[in-house]
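Below is the sequence, then the predicted model.
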Amino acid sequence: MNDKTKDVLRETDDEAIRQARTLIRRARYGAIATLDPKDGSPIATRTATATDIDGAPLILVSRLSAHTGALDADPRCSLLLGEPGKGDPLAHPRITLACRAQRLERGSEAQLRAARRYLARHPKAALYADFPDFGYFRLDPVSASLNGGFGKAYALTRAQLLSEPAVSAALAQSEAGAVEHMNDDHADAISIYARAYAGAPDGKWRLTGIDPDGIDIADGDDVRRVLFPAPLADASQMRVALVELVRNGRQKLQAVA
């Protein structure tokens, strides 16, 4: 890295890491760039995304898609995430990930978890997800470039992008049951999450995922992200964190009312 590059990049602090992880976890769509197996030319296409427990992006693709054959031939790829808002689209945060794609074997624990989390985020994909020509890939991050807004450029490592491995692995064993329990028995709590922390209106909000950094909720195509005050240091902290969000969220709503 030369001196000019160092001058452009800011020191990657906790705030930048939090923003990068949140951009990845909030994304429902992105642009994936792969290498054409015929001549090595770059191919850029749009893809729907979700995330694994540790934050690695997940995609569901057909073998008929150009980028699927490219990933099978060369796992190197890049993924651009971040939605533009009002005004200059280049003024809004986005992140570019350098990844290595891994096709998940059908029926494996990793594939079943990916399918559950992906379909919770994209329920309409259930119409074709089990077709023989469709399969899941995990895009394992190698590094990333975060543009957090004008003059806010950061370089991030794999370790900074993904949640702590031991916590993610332990949480993967209990997440599905916790999500089902919350949706079946605690709709009131999920409504508090949506209104108090995501600024969302009343609706039929459901919990779609829990990870070491926070939770994902959705009402149809409206997807919101709620962060824990601090990342979980142990999977056993999940229940306490969810209860604290409800307690503090209820107080916030009462104060506003």
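Structure received. Remember, it's a predicted structure, so these values are computed and weren't measured experimentally. Residues are numbered from 1 along each chain as shown.

Strands of this structure, start to end?
29-35, 42-48, 50-51, 57-62, 76-81, 94-103, 134-147, 153-157, 206-211, 214-219, 222-227 (DSSP state E).

And these: which comes nearest residue 197?
Minimum separation from residue 197 across the strands of the chain (C-beta to C-beta) falls at strand 222-227, 4.4 Å. C-beta: built from backbone N, CA, C; applies to glycine.

If you count contacts, what does that closest one end up packed against?
With contacts taken as 3 or more C-beta pairs under 8 Å, 6 or more residues apart in numbering; DSSP states H and E, strand 222-227 sits against helix 14-26, strand 214-219.

Residue 181 and residue 175, how far apart?
Note on residue 181: its distance to residue 175, by C-beta to C-beta, to the nearest Å, is 11 Å.

Compare the two (neighbour count), which wins?
Neighbour tally, residue 181 and residue 175, criterion other C-beta atoms under 10 Å: the higher count belongs to residue 175, 20 against 13.

hang on, isn't that one packed against residue 209?
Yes. Using C-beta atoms under 8 Å, residue 175 makes contact with residue 209 at a distance of 7.2 Å.

contacting residues for residue 231?
Residue 231 is in contact with 163, 164, 167, 212, 213, counting by C-beta atoms under 8 Å, 6 or more residues apart in numbering.

Residue 170 versus the first one, what's the distance?
In this case it means residue 163. Distance, residue 163 to residue 170, using C-beta to C-beta: 11 Å.

quick one, which of these two is more surrounded?
Using other C-beta under 10 Å as the criterion, residue 163 and residue 170 rank with residue 163 on top: 22 against 18.

The residue lying closest to residue 110 once chain neighbours are set aside: how many residues sit nearby?
Once flanking residues are discounted, residue 110 sits nearest to residue 104: 5.1 Å by C-beta to C-beta, 6 or more residues apart in numbering. When counting by other C-beta under 10 Å, one arrives at 20 neighbours for residue 104.

Could you verify my assumption that residue 217 touches residue 210?
No. Between residue 217 and residue 210 there is no contact under C-beta under 8 Å: 10.3 Å.

quick one: contacts for residue 160?
Applying C-beta under 8 Å, 6+ apart, the residues contacting residue 160 are 12, 17, 20.

If we ignore the residues flanking it in sequence, what's nearest the second one?
Read that as residue 17. Among residues not flanking residue 17 along the chain, residue 160 sits closest, at 5.0 Å (C-beta to C-beta, 6+ apart).

same check, this time on the last one
Counting by C-beta to C-beta, 6+ apart, residue 146 is the residue found nearest to residue 20 once chain neighbours are left out, at 4.8 Å.
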